[in-house]
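no sequence for this one, just the structure:
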């Protein structure tokens, strides 16, 4: 079945460092891919999305490119801030024979130090 | 515009009791999905409703049920509560096919079973 694997955390970075959070997926169809962010005590917020191969999603300085050949959707940001500290979830949505569903990765916690 | 509203925010119940959680989606959103979030299992899909019909269901026992009303508001019910049902329950709404538009999540209901 479909699955999402993302790098284990926590990831600890200093302010202004470069961020990469790896995400790979397995899917039988042609899924849409998402990154969500969860701040403490809150629900998840959609950060960015890509609906087909080679699409690049971007928002608030974060970027991710849908790579079908490597089945990946890695999240990157050139210069992180303390306010980026949160848990990041990679997800795929697929409308297969079992009906529509969205599957989330386990989440990667990011700590950014001042 | 108002976001996704979940009530109540916190609940404490005793084993064997039942509980009903409520979710009001963003106005105009017809799709509502429910997820259970725990530290050990991450985000697990419970079910999705679209225009009052359950379109998909995750791998949870029959004690977990849901419904959607004509105004798109949704409820989920858990009967015969077990200690392992303690979790954050998240509701997410979308305009139509979440694979293209992504979800908007509520802040969740934190259920503690004692």
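Sure, I can see it. Computed from a predicted structure; not experimentally measured. Numbers count the residues shown, from 1 in each chain, chains lettered A, B, ... in the order given.

Nearest the middle, which residue of chain B would you pick?
residue B:34 (3.2 Å; C-alpha atoms, centre = their mean).

how close does that one get to chain A?
Relative to chain A, residue B:34 is positioned 12 Å away (C-beta to the nearest C-beta, to the nearest Å). Yep, even glycine has a C-beta here, placed from its N, CA and C like the rest.

And the pLDDT at that residue?
According to the prediction, residue B:34 has pLDDT 96.

Mind listing the residues bridging to it?
Counting by DSSP bridges, residue B:34 forms beta bridges with residue B:47, residue B:91.

can I assume it is in contact with residue B:46?
Yes: under the criterion of C-beta atoms under 8 Å, residue B:34 makes contact with residue B:46 at 4.1 Å.

which residues do those two both contact?
Common contact partners of residue B:34 and residue B:46 (C-beta atoms under 8 Å, 6 or more residues apart in numbering or on different chains): B:66, B:76, B:89.

does the last one count as helix, strand or coil?
In terms of secondary structure, residue B:89 is strand; the call rests on DSSP: H, G, I helix; E, B strand; the rest coil.

burial measure for it, as a count.
23 (other C-beta atoms under 10 Å in any protein chain shown).

which stretches of chain A have low pLDDT?
Within chain A, the segments meeting pLDDT under 70 span A:96-100.

repeat that for 80
Along chain A, segments meeting pLDDT under 80 span A:95-101.
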